[in-house]
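In: Have a look; sequence and predicted model below, questions after that.
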Amino acid sequence: MAYVISDDCIACGTCIDECPAGAISEGEKYSINPDACTECGTCADVCPSEAIHLG
């Protein structure tokens, strides 16, 4: 089960820099490609708005 980004995302970019798989895409609200996500949790650990959770 891949991580997902909720509507609480503030599009700060912190998660993109930390994702070792390159699974996160920019946008008004960022998104995670479930096929590329390795479920490492690094993105959730660094998210300042706690917008990233296991989906």
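Out: Yep, that arrived.

In: and residue 15, what element?
Out: helix 14-18 (DSSP states H and E).

In: count of residues packed around residue 54?
Out: Residue 54 has 11 neighbours, counted by other Cβ atoms under 10 Å. C-beta coordinates here come from the backbone N, C-alpha and C atoms, glycine included.

In: In this structure it contacts residue 3, no?
Out: Yes. If you go by Cβ atoms under 8 Å, residue 54 and residue 3 touch, sitting 5.8 Å apart.

In: Which neighbours do these two have in common?
Out: The overlap between the contact sets of residue 54 and residue 3 (Cβ atoms under 8 Å, 6 or more residues apart in numbering) consists of 39, 44.

In: what comes up buried for the helix holding residue 15?
Out: Neighbour-count burial for helix 14-18 flags 14, 15 (criterion: 16 or more other Cβ atoms under 10 Å).

In: Which stretches in the chain count as helices?
Out: 14-18, 42-46 (DSSP state H).
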